[in-house]
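**Q** predicted model and sequence follow; I will ask about them next.
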Amino acid sequence: MQSDVIIIGGGLVGMTLALALDAHGLSSAVVDAADLDATLALGFDGRATAIASASAAMFHAIGLGGVLDDQSCPIHRIRVSDGITTKPLIFDALATDGPDASGGGALGHMVENRHLRAALLNGGRAAAGIALHAPATATSIVRAEHGVTVTLADGTVLTAPLLIAADGRRSKIRDGAGIAVARWTYPQTAIVTMIEHAEPHDNTAFELFYPTGPFAILPMQPSPGGGHRSAIVWTVENDAAAGTMKLGLRGLAAEIEARIGGLLGAVTVIAPAASYPLGYHHAATYTADRLVLIGDAAHGIHPIAGQGLNMGLRDVAALTEVLVDSARLGLDLGAPAVTARYSAWRRLDNSMVGSVTDGLNRLFALKGRVPAAARRFGLAAVERVPLLKRRFMAEARGETGDRPKLLTGTAL
């Protein structure tokens, strides 16, 4: 079975790439070991994701905008503070004058991962240019001089000029290609859950920084019963993670209320908590012979700024543009010059975002009065400098740097 690319990994990034390519006339075979229908169950992945406005523009450009229109909650404000008692730094996307007046619309959109997965899976099944193989495993992968051959466990043979690894942070394709990875773990665990609260969130995301780690409150659409709802991403020290996970719903709600200081009134936890160890990794190269890495196979960062998936979606936008341009010129999609263009485009941005998030996490983890005073001075300085505020808002939207056309909402 011949296609333009073979994608190993049918998760959020891999399926978005397949649909972006299909929207521009390129075919793909997508292989995933999981039963993708099972990933739509409520208990499979209770997380929610912040889709930056540039990523949302791409979703609309490739026909996936409906999931954001119907299932997401726009983020109009981000409120950042060192703990709960200090004066916050506020980014307001709806401001019509003053330092926040940027006219850029929402900073992002919060949506449950299961809704994203459902939209991607339904789109992939309906697309004429996508051959979906799941659950399926590759028993043989041969990257030869003139193309790639993947043999599946059921005997199906797939061929293409290029193999794309979208198989996550523990990528077997990356490791099989001998690509080295710089990595470290943080002494932190993310606790993720969902709450209802008495007061409305007003489309505001709260980022509270504590020495034990950041505490994010992210606005969601109302609960089915109409209650005000937000997602929680609570970073705790590893030693405290097991105890936190053992708290019942009431105990967890009490701990959350204590950390948010009445910002949203009385809190009720409405979803079981899940925990995720935190770490950083970055592949030494994004390419090998007839191979490209995207998403978590290439990089993974601390969730402090909610940029992890958006980095992968920016990979998708850049790789789609590179492959579509190359196909229109009649080039070999697996040629080194083609894959090198993608790597050069994405590596600097990913490196910078990774460095900034790592640095912020380490800065806000410093204990003592002097580091706390320095952090508060920095937040106050950004509040007073309009140019800096607009720059940070543009970064949150994903609207800086050399953007692929899809991130501006423009089809190729």
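**A** Arrived safely, thanks for sending.
**Q** nearest residue to the middle of this structure?
**A** residue 309 (1.3 Å; C-alpha atoms, centre = their mean).
**Q** ok, now how distant is that residue from residue 167?
**A** Going from residue 309 to residue 167 by C-beta to C-beta, to the nearest Å gives 15 Å. C-beta here means a position set from N, CA and C on the backbone, and glycine is covered the same way.
**Q** in space, what's closest to the residue nearest to the centre of the chain - neighbours in sequence excluded?
**A** residue 49 (5.2 Å; C-beta to C-beta, 6 or more residues apart in numbering).
**Q** in this structure, which strand is the longest?
**A** strand 181-197 (DSSP state E).
**Q** mind exporting that one as CSV, just the C-alpha atoms?
**A** Taking Å, rounded to 0.1, in the frame of the first residue of the first chain, the C-alpha atoms of strand 181-197 are listed here in CSV:
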residue,chain,number,x,y,z
VAL,A,181,18.0,12.5,23.6
ALA,A,182,18.9,15.1,26.2
ARG,A,183,16.6,14.5,29.2
TRP,A,184,16.1,15.1,32.8
THR,A,185,13.3,14.6,35.3
TYR,A,186,11.9,17.3,37.6
PRO,A,187,11.3,16.5,41.3
GLN,A,188,7.7,17.2,40.7
THR,A,189,4.4,15.5,39.7
ALA,A,190,1.4,17.1,38.0
ILE,A,191,-2.0,16.3,39.6
VAL,A,192,-4.8,16.8,37.2
THR,A,193,-8.5,17.0,38.0
MET,A,194,-11.7,19.0,37.2
ILE,A,195,-13.7,21.2,39.6
GLU,A,196,-17.0,23.0,39.9
HIS,A,197,-17.0,26.3,41.7
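**Q** circling back to that earlier point, so what does whichever helix or strand the residue nearest to the centre of the chain is part of touch, helix or strand wise?
**A** Take DSSP states H and E as the rule and residue 309 turns out to sit in helix 308-328. Using 3 or more C-beta pairs under 8 Å, 6 or more residues apart in numbering; DSSP states H and E, the elements in contact with helix 308-328 are helix 12-22, strand 48-52, helix 53-61, helix 336-365.
**Q** quick one: that helix to helix 53-61, angle?
**A** 50 degrees (axes from the mean of the first three to the mean of the last three C-alpha atoms, to 10 degrees).
**Q** shaky segments in the chain?
**A** Residues of the chain that meet the criterion pLDDT under 70 lie in 96-104.
**Q** redo that, cut-off 90
**A** 37-47, 81-89, 93-105, 209-214, 224, 248, 261-262, 302-308, 354-402 (pLDDT under 90).
**Q** could you pull out the helices for it?
**A** Assignment of helices within the chain using DSSP state H yields the ranges 12-22, 53-61, 65-71, 113-126, 172-176, 238-245, 249-260, 308-328, 336-365, 369-384, 386-397.
**Q** of those helices, which stretch is the most buried?
**A** Mean neighbour count (mean count of other C-beta atoms under 10 Å) peaks for helix 12-22 among these, with a mean of 27.
**Q** what angle do that one and helix 308-328 make?
**A** Going by the same axes, to 10 degrees, helix 12-22 makes 30 degrees with helix 308-328.
**Q** tell me what helix 12-22 is packed against?
**A** strand 5-8, strand 28-31, helix 113-126, strand 130-133, helix 308-328.
**Q** now with 7 Å, please.
**A** strand 5-8, strand 28-31, helix 113-126, helix 308-328 (3 or more C-beta pairs under 7 Å, 6 or more residues apart in numbering; DSSP states H and E).
**Q** ok, residues contacting the longest one?
**A** Meaning helix 308-328. 4, 12-13, 16-17, 20-21, 24, 26, 49, 52, 55, 58, 292, 294-296, 298-301, 333, 338, 341-342, 345-346, 349-350, 353, 398, 404-407, 412 (C-beta atoms under 7 Å, 6 or more residues apart in numbering).
**Q** give the contact list for the residue nearest to residue 123 when sequence neighbours are not counted.
**A** Leaving aside its sequence neighbours, residue 123 sits nearest to residue 19 (C-beta to C-beta, 6+ apart; 5.2 Å). Contact partners of residue 19, counting by C-beta under 7 Å, 6+ apart, are 62, 64, 120, 123-124, 127.
**Q** cool, residue 224 as well?
**A** Neighbours of residue 224 in contact, by C-beta under 7 Å, 6+ apart: none.
**Q** that one and residue 66, how far apart?
**A** From residue 224 to residue 66 the distance is 19 Å (C-beta to C-beta).
**Q** distance to residue 215 added to the helices of the chain, as TSV?
**A** Formatted as TSV, the helices of the chain follow (distance: least, C-beta to C-beta, whole Å):
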stretch	distance to residue 215
helix 12-22	24
helix 53-61	24
helix 65-71	25
helix 113-126	20
helix 172-176	32
helix 238-245	12
helix 249-260	5
helix 308-328	17
helix 336-365	11
helix 369-384	15
helix 386-397	18
